[in-house]
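*Asks:* this is a predicted model, with the sequence first.
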Amino acid sequence: MKIAIIGQQDFGKAVLEAFLSRGDQVGAVFCAPEKEGARPDALRAAAQEKGLKVHQFKSLRDPEAARAMQESGADIGIMAFVLQFAPQDFVTIPKHGTIQYHPSLLPKYRGPSSINWPIIKGETETGLTIFRPSDGLDEGAVVLQKKTPISPDDTLGTVYFDRLFPMGIQAMLEAADLVMAGKHTETVQDESRASYEGWCRSGEAKIDWAKPIDHVYNLIRGCNPAPGAWTTFNGKKLQIFDARKTLFRRFADVPGKIGEVTEVTAQSFKVVAQGGTIEVLRAKFEDGKKLSGGELAQSGGIAASALLGS
């Protein structure tokens, strides 16, 4: 088949390479322009190294974008991690239309941070969807879905890099083959089950130690490695990455106040939340590098009885 890739970054690059490795042709590659000072986009760089035609339109609404898609001669459009809005008069140009990857089980968790939020909200399952892009946000008909469990200690990193990334590449190949063969189905999304979550950024990643221990732990997991759940110590932003939780069995087990550091070892330090403690295994100050919890406590002056987040 002859495809047009619309995407960016490492996932877009991996999808491009997967189609090329099995002998498919690429008529054109579309990726968003890099911001000033940003590192080269991985998809753009890979496509140009392979001598492919690359387009970087500020907007896919540009009539030139539609013209470039027409000139690509694509049988099918492949949207792999796309943050630009793609209008219908662009995505319907390929002979068999366009399919898009989204890392959640649509219609749940529409939106840009759809891997973070299921973990933050304590879900035990997530997945990916290949769907037909529409003018609504992640609202198009579903072509294919794949599920994966979220274990109690999974993080954003393990769910995405270990599962949703490789699963997504294979799902795009599978869905493209089904569409090209006319063997696919298109299921309209059930709006009664739909949910939308916005970006998970620094503002959403702030730790409230007074929240239940599961809430705090899930926030840390769902923001690891990005954007990094955070608290403060002596006015400095402190991001927490790898951690463990321990539940209190009795009220008498509570070792200190909410947000208080109760123990510091060579490997970690522990912080009190509502109903348990968080053992911080890896963290960093905003102006420093990632260290083990113990190293960070020692270098940053965090000792037992210190209060975080106040």
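*Replies:* In hand now; what should we look at?
*Asks:* isn't L307 right next to T262, touching?
*Replies:* No. The pair L307 / T262 is not scored as a contact, 11.0 Å apart, by C-beta atoms under 8 Å. C-betas here are computed from N, CA, C, even on glycine.
*Asks:* can you give the contact residues for the helix or strand encompassing F11?
*Replies:* Secondary structure from DSSP states H and E places F11 in helix 9-21. With C-beta atoms under 8 Å, 6 or more residues apart in numbering as the contact definition, helix 9-21 has outside contacts at 3, 5, 7, 26, 29, 31, 41-43, 45-47, 50, 78, 80-81, 101, 165, 168-170, 172-173, 176.
*Asks:* pLDDT (mean, whole number) over the longest helix along the chain?
*Replies:* Of all the segments assigned as helix in the chain under DSSP state H, the longest by residue count is helix 165-181. Over the span of helix 165-181, the pLDDT mean works out to 98.
*Asks:* okay, the angle between it and helix 9-21?
*Replies:* Angle, helix 165-181 to helix 9-21, by axes from the mean of the first three to the mean of the last three C-alpha atoms, to 10 degrees: 50 degrees.
*Asks:* need the next SSE after helix 165-181, C-terminal direction.
*Replies:* helix 213-222.
*Asks:* by contact count, what packs against that next one?
*Replies:* Applying 3 or more C-beta pairs under 8 Å, 6 or more residues apart in numbering; DSSP states H and E, we find helix 213-222 packed against helix 116-120, strand 229-233, strand 243-247, strand 276-280.
*Asks:* hmm, who's touching the last one?
*Replies:* The one in question is strand 276-280. Judged by C-beta under 8 Å, 6+ apart, the contacts made with strand 276-280 from elsewhere in the structure are 213, 216-217, 220, 240, 242-248, 255, 262, 268-271, 293, 296.
*Asks:* ok, the third one next?
*Replies:* With C-beta under 8 Å, 6+ apart as the contact definition, strand 243-247 has outside contacts at 213-214, 216-217, 220-221, 270, 275-282.
*Asks:* please identify the buried residues of stretch 152-168?
*Replies:* Residues of stretch 152-168 classed as buried under the neighbour-count rule (16 or more other C-beta atoms under 10 Å) are D154, T155, L156, T158, V159, Y160, R163, L164, F165, M167, G168.
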